[in-house]
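# below are the sequence and a predicted model; questions follow.
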Amino acid sequence: MYIKHLTGSNMAYKDLKNWRSRTKLRIIEAMGGKCVCCGYNTHYSALELHHINPKTKKFVLGSIRANAVSWSNIVDELRKCVLLCA
């Protein structure tokens, strides 16, 4: 029984990692897939979101990778951002 529980836990962790990666890729695609300043698009891990006006921020987009948020809420927040390379 203990081994089954551990295996299930590992699967849940892998599912979560996959969800995080898919969500980041989906966000990058929704934002045009490249840095708005220089056009960089080689590797998604070098792209990040920047709030144009931090005062309008409802949540930090990086935190959605730890706490799932609905896609409609993500899109609302993306409208306040630009995609930049690191």
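Nice, I can see it. Numbers count the residues shown, from 1 in each chain.
# report the central residue of the protein.
The residue lying closest to the centre of the chain (CA atoms, centre = their mean) is K24, at 3.3 Å.
# so, low pLDDT: which residues of the protein?
In the predicted model of the chain, residues 1-9, 11, 64-68 satisfy pLDDT under 70.
# quick one: the strands in it?
Remark: strands assigned in the chain by DSSP state E are 47-51, 81-85.
# now these in TSV, with mean neighbour count and distance to F59?
No exception for glycine: its C-beta is placed from N, CA and C like everyone else's. Formatted as TSV, the strands of the chain follow (neighbours: other CB atoms under 10 Å; distance: least, CB to CB, whole Å):
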stretch	mean neighbour count	distance to F59
strand 47-51	16	10
strand 81-85	18	12
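# which of the ones you listed sits closest to A12?
strand 47-51 (26.6 Å; CB to CB).
# just want the angle from the closest one to strand 81-85.
Angle between the axes of strand 47-51 and strand 81-85 is 140 degrees (criterion: axes from the mean of the first three to the mean of the last three CA atoms, to 10 degrees).
# sheet-wise, list the partners of strand 47-51 with their directions.
strand 81-85 (antiparallel) (DSSP bridges).
# need the contact list for the closest residue to L25 other than its chain neighbours.
Excluding the flanking residues, the one nearest L25 by CB to CB, 6 or more residues apart in numbering is Y44, at 6.1 Å. Going by CB atoms under 8 Å, 6 or more residues apart in numbering, Y44 touches 24-25, 28.
# report the contact partners of N73.
Residues in contact with N73 (CB under 8 Å, 6+ apart) are K58.
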